[in-house]
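Enquirer: Here is a sequence with its predicted model. Questions after.
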Amino acid sequence: MVAVATGVGWWTTERFGSLPRRLGATRTRWVPGLVSLGYAFTGLLSLDWAGVVGVLAMFSGMGAMALGSVLGVMARTRYTDTHLADSERHCVFTAGWPEAARNRLLALVLPLWAVGVAGFASVYVTPELWPLTFAQILFPVGIGIFMQTQPREYAVTAEGLEQRLPVARRLLPWERYTGYTRTTDALVVHRSWWFDDRFALDDLDDPDVVAAALARYLSAA
């Protein structure tokens, strides 16, 4: 399903090049995936009385959600590539979170995974507790939160911090950040409302170079 969604998403971004760039500049790129998620949940909740129709609705919604999410990622990548086409990369580095911070975040997401698994199990064990099925969404949410601790490639540019994934690009504008701090084990770039970005010093070839690049656009907190 993911492979098919990726193929369709690639074709769409190539066929309608300007649309993905415009869509990738705003958070509306996630609307198709979110609407499809609601459709999938509607199908799930209707299984008892809708039968096969409910099953088809659930799986159709899941497929549409996968396609919508892939399109959102590809639109964001196309926008990032276009926006940074002529931008200078002051430094490029690969880093993840330091172990201590990663373990703290793991302790935070473990309850999300536990509740998410309970939501999956409730579909078969206690179907009368159907509201619990909505808790399933907490499992992928927990995975998404924890994945930000993994090593990724970054580039410091005038427009913001570019995050480079194997098949995608993402631009994090400097306006999202309030400053940076150098601790004993990481360079911490502070966000205004979300988890801070952390770059383990052990992962960096030259932490001073990265700190100097960040200092061009952020103040030391």
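Expert: Thanks, I have the structure now. Numbers count the residues shown, from 1 in each chain.
Enquirer: Can you name the next helix or strand after the strand or helix carrying I143?
Expert: Taking DSSP states H and E as the definition, I143 sits inside helix 138-147. Moving toward the C-terminus from helix 138-147, the next helix or strand (DSSP H and E) is strand 152-156.
Enquirer: which stretches of this structure form helices?
Expert: 2-15, 18-24, 31-45, 47-50, 52-83, 99-125, 138-147, 207-215 (DSSP state H).
Enquirer: Just want the angle from the helix holding I143 to helix 99-125.
Expert: Computed by axes from the mean of the first three to the mean of the last three CA atoms, to 10 degrees, the angle separating helix 138-147 from helix 99-125 equals 170 degrees.
Enquirer: What's the local residue count around the closest residue to R170 other than its chain neighbours?
Expert: Counting by CB to CB, 6 or more residues apart in numbering, Q163 is the residue found nearest to R170 once chain neighbours are left out, at 4.3 Å. Backbone N, C-alpha and C define where each C-beta goes, glycine included. By the criterion of other CB atoms under 10 Å, Q163 has 17 neighbours.
Enquirer: got it, and P166?
Expert: 6.
Enquirer: same check, this time on the one 4 residues further on
Expert: By the measure other CB under 10 Å, the count of residues near R170 is 18.
Enquirer: List the contacts of it.
Expert: R76, T77, T80, E162, Q163, R164 (CB atoms under 8 Å, 6 or more residues apart in numbering).
Enquirer: swap in L214?
Expert: V156, Y180, L187, V189.
Enquirer: among those residues, which are in strands?
Expert: Counting by DSSP state E, those place V156, Y180, L187, V189 in strands.
Enquirer: quick one: which of those is nearest to G63?
Expert: Minimum distance to G63 across those is 36.5 Å, recorded for V189 (CB to CB).
Enquirer: Now that closest one: closest residue in space that isn't a chain neighbour?
Expert: Per CB to CB, 6+ apart, closest to V189 is D197, 4.3 Å.
Enquirer: Report the contact partners of that neighbour.
Expert: So D197 contacts Q148, L161, L172, V188, V189, R191 (CB under 8 Å, 6+ apart).
Enquirer: Write the PyMOL selection for whichever of those are buried.
Expert: In PyMOL, this line selects whichever of the contacts of D197 come out buried by 16 or more other CB atoms under 10 Å:
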select buried, resi 148+161+172+188+189
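Enquirer: Now render the contacts of D197 as a markdown table, adding distance to A213.
Expert: Shown next, in a markdown table, are these (distance: CB to CB, whole Å):
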| residue | distance to A213 |
| --- | --- |
| Q148 | 20 |
| L161 | 10 |
| L172 | 14 |
| V188 | 15 |
| V189 | 11 |
| R191 | 18 |
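Enquirer: average pLDDT across the helix holding I143?
Expert: Here helix 138-147 scores 85 as its mean pLDDT.
Enquirer: Show me what counts as buried in it.
Expert: Applying 16+ other CB under 10 Å to helix 138-147 flags L138, F139, G142, I145, F146 as buried.
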